[in-house]
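Visitor: My questions concern the predicted model and sequence given below.
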Amino acid sequence: MATFSLLPGSVALITLTNPPVNALSAAVRAGIVQAVQRSVEDPKVKSVVICGQNGRFCGGADIREFAGPMSGPPLVPLIHAIEALDKPVVAAIEGLALGGGLELALGCHYRIAHTTALLGLPEVTLGLLPAAGGTQRLPRLAGLPAALDLITTGRHISGTEALELGIVDQVTDGSALDIALEFAKSIVGRPLNTRRLSTLPCRCPTDIDNLLDRFMVQVRQRARGALAPVACVGALRAAATLPYAQGLRKERELMDTLFNSGQARALQYAFFSQRVVGKWTLPSGARWDNTTSRTISTAAVIGLGTMGRGIAVALALAGMSVVAVETQEKQLSEARQMVPAMLQREAGRRGLDTAPGVISFCSSLQDVSEVELVIEAVFEDMALKLQLFRQLSAVCKPDTLLCSNTSGLDIDQLAAATQRPGLVVGMHFFAPAHIMKLLEVVCGTRSSPETVATVMQLGKRMGKVSVAVGNCPGFVGNRMLKPYTEQANFLLEEGAMPEQVDKVLEEFGFPMGVFRMSDLSGLDVGWRIRKAAGLTGPGVEPTRTRQGRRYSPLPDQMCEAGRLGQKTGRGWYQYDGPGGRVARSDPWVQTFLDAYRARHNLAARVIAAEEILERCLYSLINEGFKILQDGMAAGPEDIDAIYVFGYGWPRHRGGPMFHAGQVGLARVLEKLEHYQQLHPDVAPMKPSMLLRRLVAAGSPPIQKWRELIHRERVHSQL
Ligand SMILES: CCCCCCCCCCCCC/C=C/C(=O)SCCNC(=O)CCNC(=O)[C@H](O)C(C)(C)COP(=O)(O)OP(=O)(O)OC[C@H]1O[C@@H](n2cnc3c(N)ncnc32)[C@H](O)[C@@H]1OP(=O)(O)O
């Protein structure tokens, strides 16, 4: 709702009231309509201030309403009514003015903001565009280039930057509301014509077409198939070239095409998934809202390779005092050079002069004795990690949390090496750890709820999307990646080329196909894991069936040939030299594959893009269903958040589990059955029981899966 009060000085105060972010729900919009009407009719009202309750102006349209039929007064005429008032209206922007909230403020005659308030038009991130006049008013106020930037990226800006761009008239470090109330009294009677943005010409440079064309090229490249950014440029072209009323019609037309699109649904689902995963639950019944967490202020990182360096920086950026330990002299001296520079660069990128925390370097484990939490980031070798955990258990204070940045090893085994198994948990970061948003928090069988709560909370402070997952080989992300990469290797055996597979996956929206990705991260990473699992190495028969299932030795043979990817300048592609980044097709790979197929009597066939996509994605998705079935992830949102934030899954496709729902669960099942019949030796193609049960239950919407899984588990049917 919105409340109306008449204050001394004849100022009407309209307060948006819809906690927590004062979203413009139907009730709020109705409240504003009534309050504006009272302001018009009451002769005692000389000016109006609009603010939000609890120091938050407005978080925009109520996203939850987009899922159902729209009701209540529409926003566009409401904003026009405000703009048309002949009494001055001032927006007092505290906390945030996002989306429809900023569009509402743009309809006001003046805007006064707190310096730290967040302003922006993030609709594009929800698969939409600012369709309450935002695409037409913002370029009239801030100019076309700034509007293009803000609307196509959806980035939030501070009150201070908004002042520089001319979006607000004044900023304050004090109360924006107090200033706005005073200001509203002082402007009674001033002419308002030049303050009505819809009546002003668009502020455009002379080379409009050139600018828009350049922007469109950039946006299409960045969008990777997303529709909304392209539609935003279209709406801004209308603002630049058409009168306001026609521009507004174009804005609405483009919004209509986006509003019910699968992409908008996927992006809105991704928005809520990100929030759902913060509300973690454990099989024991412990949850985010019934468990207390400890606040960590001192931490240590052991091992200063690429991951350890990034983790140390991420901790310092979150305000932690960090002890960074490395026993190898050369690596320690490199870290001493690199880490402060990384920290400074990242702090700068976040608009900070210096990082809030500090990092000290040392070479002895004894120096971590006083910290509250340790993150181990040494080489991915169980024996090495076990030895380290034993040492840490002896050296650290009894209540220090011991965390491992393993990407798939057994947390329970590590916990068992300590005297404090309840305080052991996995913290699986993604490279570069100070930039990538995802953190898998791996809960061992004995990890205490307080430990999980503390680490989830720490992840949040580090700006991560933290997802609590169970302890199984590869956890969630890497466990699902295994059948996906396996499938890609099988496709090579059957006749595809790496470039062809990658092209299909990149057209789907991944930033990199599986083979380019493998070249980037290094083929030896998987090689080492397969050797440890006894799948390859001396003494292992070079057959295409290992440990009872189909196996492709192709990646092992690449490693044996010294082709480890970008770092050696050769992998599935060739590069300009070791460390080169531009991938080019390599005739060597064609010859290598031909020879391999000939050796194994495999006839190369032409493989359609559809088959490539289905086999790669559905095997990954099927593993996702098995993970849900095993209780290793609490719900599909957890898996989808992991894939969107850690594995480059295109956000406008929601995530793998959401994608399965979009394709249709029955169709995914049918395809898995089809490919399983063709490849009975490929276990990951065997449809999971959960997928079958969901199909049998009539393919409920994804929001209902959690409930169904819980019910089936209670009845021991999973
Ligand atoms: C053919 C048919 C065509 C129909 C065409 C219809 C045309 C309609 C025209 C109308 C045009 C409207 C145009 C306007 C569109 C919009 O405004 S879209 C929304 C834009 N706003 C946003 O994207 C902001 C989203 N929110 C955030 O980024 C953050 O939540 C925040 C505001 C920065 C606050 O962050 P933080 O403090 O960290 O809190 P959170 O945990 O993120 O959020 C707290 C809870 O609030 C919920 N929430 C947040 N924003 C909204 C929202 N806008 N609507 C609904 N709910 C919101 C969030 O989910 C959290 O909820 P819980 O998890 O339940 O606690």
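Guide: That came through, no problem. Numbering: from 1, shown residues only.
Visitor: from here on, contacts and neighbour counts on C-alpha atoms
Guide: Noted.
Visitor: And residue 105, how far from the ligand?
Guide: Relative to the ligand, residue 105 is positioned 12 Å away (C-alpha to the nearest ligand atom, to the nearest Å).
Visitor: and this protein, which of its residues are near the ligand?
Guide: For the chain, the residues in contact with the ligand (C-alpha under 6 Å from any ligand atom) are 20-21, 23, 59-64, 75, 98-100, 122-123, 130-132, 255-256, 259, 272, 275.
Visitor: Just the ones of the residues you listed in strands?
Guide: residue 98 (DSSP state E).
Visitor: list the contacts for whichever residue of the stretch 351-500 of the chain sits closest to the ligand?
Guide: In the stretch 351-500 of the chain, the residue that lies nearest the ligand is residue 460 (9.9 Å; C-alpha to the nearest ligand atom). Under the criterion of C-alpha atoms under 8 Å, 6 or more residues apart in numbering, the neighbours of residue 460 are residue 466.
Visitor: If we use 10 Å, what do you get?
Guide: 278, 318, 437, 439, 454, 466 (C-alpha atoms under 10 Å, 6 or more residues apart in numbering).
Visitor: Which helix or which strand is home to it?
Guide: For residue 460, the element it lies in under DSSP states H and E is helix 449-461.
Visitor: Now do the same for residue 473: helix, strand or coil?
Guide: For residue 473, the reduced secondary structure class is coil; criterion used: DSSP: H, G, I helix; E, B strand; the rest coil.
Visitor: And for it, nearest residue in space, chain neighbours not counted?
Guide: Using C-alpha to C-alpha, 6 or more residues apart in numbering and skipping the chain neighbours, the partner closest in space to residue 473 is residue 408 (5.2 Å).
Visitor: Same check on residue 589?
Guide: For residue 589, ignoring the flanking residues on the chain, the nearest one in space by C-alpha to C-alpha, 6+ apart is residue 572 at 6.7 Å.
Visitor: my guess is the one you found meets residue 561, correct?
Guide: No: under the contact definition of C-alpha atoms under 10 Å, residue 572 does not touch residue 561, with a separation of 11.5 Å.
Visitor: the more surrounded of these two?
Guide: Comparing residue 572 with residue 561 by neighbour count (other C-alpha atoms under 10 Å), the higher total belongs to residue 572, at 27 against 11.
Visitor: May I have the phi/psi pair for the more buried one?
Guide: Dihedral angles phi and psi of residue 572 (degrees, to the nearest 10) take the values phi -70, psi -20.
Visitor: ditto for residue 406
Guide: phi -70, psi 150.
Visitor: ok, now residue 119?
Guide: Backbone dihedrals for residue 119, given as degrees, to the nearest 10, come out at phi -120, psi 150.
Visitor: Average pLDDT for stretch 619-633, rounded please.
Guide: Over the span of stretch 619-633, the pLDDT mean works out to 97.
Visitor: shaky segments in the stretch 351-500 of the chain?
Guide: Scanning the stretch 351-500 of the chain for pLDDT under 70 picks out no residues.
Visitor: Strands along that one, start to end?
Guide: When assigned using DSSP state E, counting those that start in this stretch, the strands of the stretch 351-500 of the chain occupy the ranges 358-362, 373-376, 401-404, 424-429, 438-443, 465-470.
Visitor: With mean neighbour count as new columns, can those strands be given to me in CSV?
Guide: Rendered in CSV, the data for the strands of the stretch 351-500 of the chain read as follows (neighbours: other C-alpha atoms under 10 Å):
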stretch, mean neighbour count
strand 358-362, 18
strand 373-376, 25
strand 401-404, 26
strand 424-429, 29
strand 438-443, 27
strand 465-470, 27
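Visitor: Same list (these) but as TSV, adding distance to residue 15.
Guide: Formatted as TSV, the strands of the stretch 351-500 of the chain follow (distance: least, C-alpha to C-alpha, whole Å):
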stretch	distance to residue 15
strand 358-362	42
strand 373-376	44
strand 401-404	45
strand 424-429	42
strand 438-443	37
strand 465-470	32
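Visitor: gap between the most centrally placed residue in the chain and residue 527?
Guide: Note on the chain: the residue nearest the mean C-alpha position is residue 645, at 3.9 Å, using C-alpha atoms, centre = their mean. Distance of residue 645 to residue 527, given as C-alpha to C-alpha, to the nearest Å: 25 Å.
Visitor: and whatever residue of the stretch 151-300 of the chain ends up closest to the ligand, how many neighbours does it have?
Guide: Nearest to the ligand in the stretch 151-300 of the chain, going by C-alpha to the nearest ligand atom, is residue 256, at a distance of 4.2 Å. When neighbours are counted by other C-alpha under 10 Å, residue 256 registers 14.
Visitor: In a strand, residue 171, correct?
Guide: Yes: counting by three-state DSSP, one finds residue 171 located in a strand.
Visitor: so where is the protein shaky, pLDDT-wise?
Guide: When residues are selected by pLDDT under 70, those of the chain lie in 717-718.
Visitor: any idea how it splits into domains?
Guide: Segmentation of the chain into domains, based on automatic domain parsing, reads 2-260, 288-470, 496-599.
Visitor: Nearest approach to residue 479 belongs to which of those domains?
Guide: In this view, the domains of the chain are compared for proximity to residue 479 by C-alpha to C-alpha, and domain 288-470 is the closest at 8.1 Å.
Visitor: So for that closest one, first residue to last residue, what's the gap.
Guide: Domain 288-470 has an end-to-end distance of 16 Å (criterion: C-alpha to C-alpha).
Visitor: just how off-centre is it within its chain?
Guide: Averaging C-alpha coordinates over domain 288-470 and over its chain gives two centres that are 21 Å apart (C-alpha atoms, centre = their mean, to the nearest Å).
Visitor: Show me the residues of the chain next to the ligand that map onto helices.
Guide: Cross-referencing the residues of the chain next to the ligand with the helices (criterion: DSSP state H) gives 75, 100, 255, 256, 259, 272, 275 as the overlap.
Visitor: Buried among those residues? Need that as a selection in ChimeraX.
Guide: This is how ChimeraX selects the buried members of those, with burial counted by 16 or more other C-alpha atoms under 10 Å:
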select :75,100,255,259
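Visitor: hey, where'd the helices end up in the stretch 201-350 of the chain?
Guide: Shown for the stretch 201-350 of the chain, the helices assigned by DSSP state H, counting those that start in this stretch span residues 208-223, 228-241, 244-259, 262-276, 306-317, 329-349.
Visitor: Tabulate the domains of the chain (CSV), appending distance to residue 657.
Guide: Putting the domains of the chain into CSV (distance: least, C-alpha to C-alpha, whole Å) gives the following:
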stretch, distance to residue 657
domain 2-260, 18
domain 288-470, 15
domain 496-599, 15
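Visitor: out of these, which comes closest to residue 631?
Guide: domain 288-470 (7.2 Å).
Visitor: show me the residues around the closest residue to residue 151 other than its chain neighbours that make contact.
Guide: The spatial neighbour of residue 151 that comes closest, neighbours along the chain excluded (C-alpha to C-alpha, 6+ apart), is residue 121 at 5.7 Å. Contacts for residue 121 were tallied using C-alpha under 10 Å, 6+ apart; they are 60, 97-103, 129-130, 134-135, 138, 147, 150-157.
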